[in-house]
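1. Pasting the sequence and the predicted coordinates here, then a few questions.
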Amino acid sequence: MGAMDIRQLQNFQRIVELQSLSKAAAVVRIAQPALSRQVKALEDELGVELLTRHGWGVAPTPAGRILVEHAERILAQALMARDAVRNFQAEASGRLSFGAPTSIGLTLLPHLASLVRRRYPKVKLHLMEGFSASVHEWALNGKLDMAILYQSRAMGHLRSTPLLTEAMTVVGPGGRFPRDSTIGAAGLAGLPLILPGRPNRLRLLVEEAWLEVGAPIDPVMEVDALPTIIELVRRGEGCTLLPYSTVHEKVSVGELSFATLDARNFMRTLVLVQPSERAPTPATKALTLEIQRFVHERADALRWQPLSSSGDKSTGIFRRRSRRPVSTR
């Protein structure tokens, strides 16, 4: 690589992120002239201009953007190498990034954050949530060590373990649906639905399932932010389709209501994934076990059907739960 080193790449990445030499110098704790000399040395070595100076700061040139893209991968590999060596010991430790779709993240991520801090103090957890397509992209490009995703045919180079299946429910404002309500797929056609736009995975699932009805989907609103969808439904602006686990707390206090969907196609399977090129570590193994245990412990309350291993460290024996009626209150 010549004179280019990891520190230079980290500093250049920070400059581009902050769009300012002075702000980057303060963050990385070196004098601005020294940081400017680092950039000049990189430009001299590569024979191209990497930054364009403006009155408001700096921006990467096309060559600079290419360098940042490669720097992200190089720095990620460097972190993986460091953590792989550190994690060679039996105790779970090191940095671990984990992502999940917001629909399950609202329930799972706070639990994981508290649990890891208590049980695995040497693990530095970085949690990310978003729509499933974003989480999938983060897992593919190496930003995540582990993630939960909807199962699909296009998983890429990800190693997956089935985690759970859950049914979609029709969610409305409090009092809209009486307790133990059931709606068939055809009944959805008359509801004012608020849904994410395409190509959101939930929207695609709904469109695929709607094929059995033969009616076009015409939501009254498209919103690509799950908390906003839930709040709009709470205010009575419409209904939406979500798994019960996502809204169980608001249902329990009467802010939302739900109806069971009597339609076999409105099911989704979630899987736990890891990049195939990354070897399991004590930290990822520990987190996998904790997630599986959480799914099994909360299965009845959240209407989950566990598919993965769960449970007993001492015996290593795991069983698939049988479905039985659950209380919705």
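-> Received, thanks.
2. got a pLDDT number for D218?
-> pLDDT, D218: 79.
3. what's the longest helix in the chain?
-> helix 62-86 (DSSP state H).
4. which residues sit against the next helix-or-strand element following that one?
-> With elements assigned by DSSP states H and E, the helix or strand that comes after helix 62-86 is strand 94-101. For strand 94-101, the surrounding residues in contact (CB atoms under 8 Å, 6 or more residues apart in numbering) are 79, 82-83, 86-87, 108-109, 112, 122-132, 135, 138-139, 143-150, 201, 281, 283-284, 287. Placement of C-beta: from N, CA and C, glycine included.
5. Name only those of those residues that count as buried.
-> The neighbour-count criterion (16 or more other CB atoms under 10 Å) marks 83, 87, 108-109, 112, 123, 125, 127-132, 135, 138-139, 143-150, 201, 281, 283-284, 287 among the contacts of strand 94-101 as buried.
6. I'd like the list of those that fall within helices, please.
-> Using DSSP H, the buried ones among the contacts of strand 94-101 in helices are 83, 108-109, 112, 132, 135, 138-139, 201, 283-284, 287.
7. Quick one: residues contacting A34.
-> Per CB under 8 Å, 6+ apart, neighbours of A34: A25.
8. isn't there a helix covering it?
-> Yes - secondary structure of A34 (DSSP: H, G, I helix; E, B strand; the rest coil): part of a helix.
9. Quick check: bridge partners of the nearest residue to V273 once chain neighbours are set aside?
-> Leaving aside its sequence neighbours, V273 sits nearest to L158 (CB to CB, 6 or more residues apart in numbering; 4.2 Å). With beta bridges defined as DSSP bridges, L158 has these partners: P275.
10. Surely L158 and P275 touch.
-> Yes - between L158 and P275 there is a contact under CB atoms under 8 Å: 6.2 Å.
11. okay, and the common contacts of these two?
-> 139-140.
12. what helix or strand is the residue nearest to P173 when sequence neighbours are not counted on?
-> Closest residue to P173 apart from its sequence neighbours, by CB to CB, 6+ apart: G236 at 4.4 Å. Under DSSP H and E, no helix or strand contains G236.
13. The helix or strand where G105 lies to strand 94-101, inter-axis angle?
-> Counting by DSSP H and E, the element that carries G105 is helix 102-119. Here the directions of helix 102-119 and strand 94-101 differ by 160 degrees (axes from the mean of the first three to the mean of the last three CA atoms, to 10 degrees).
14. so what secondary structure elements neighbour helix 102-119?
-> Judged by 3 or more CB pairs under 8 Å, 6 or more residues apart in numbering; DSSP states H and E, helix 102-119 is in contact with strand 94-101, strand 123-130, helix 226-234, strand 240-243, helix 244-252, helix 282-297.
15. count of residues packed around the spatially closest residue to A259 that is not a sequence neighbour?
-> Distances taken as CB to CB, 6+ apart place S181 nearest to A259, at 3.7 Å, with adjacent residues excluded. S181 has 15 neighbours, counted by other CB atoms under 10 Å.
16. quick revisit: pull the distance from the helix holding G105 to the chain's centre.
-> Distance of helix 102-119 from its chain centroid, counting by CA atoms, centre = their mean, to the nearest Å, is 12 Å.
17. same check, this time on stretch 174-181
-> 30 Å.
18. outside of it, which residues touch it?
-> 170, 234, 236, 239, 254-260, 328-329.
19. Report the spatially nearest residue to the residue nearest the centre of the chain, omitting neighbours in sequence.
-> Taking CA atoms, centre = their mean, the centroid of the chain lies closest to A100, which sits 2.6 Å from it. Using CB to CB, 6+ apart and skipping the chain neighbours, the partner closest in space to A100 is I148 (4.4 Å).
20. List the contacts of that neighbour.
-> 99-101, 104, 108, 135, 163, 270-273, 291.
21. Go again with 6 Å.
-> 100, 104, 270, 272 (CB atoms under 6 Å, 6 or more residues apart in numbering).
22. what would those look like in TSV with distance to G175 and pLDDT?
-> Shown next, in TSV, are these (distance: CB to CB, whole Å; pLDDT from 0 to 100):
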residue	distance to G175	pLDDT
A100	31	95
I104	26	92
L270	30	93
L272	37	94
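23. Thanks a lot, see you next time.
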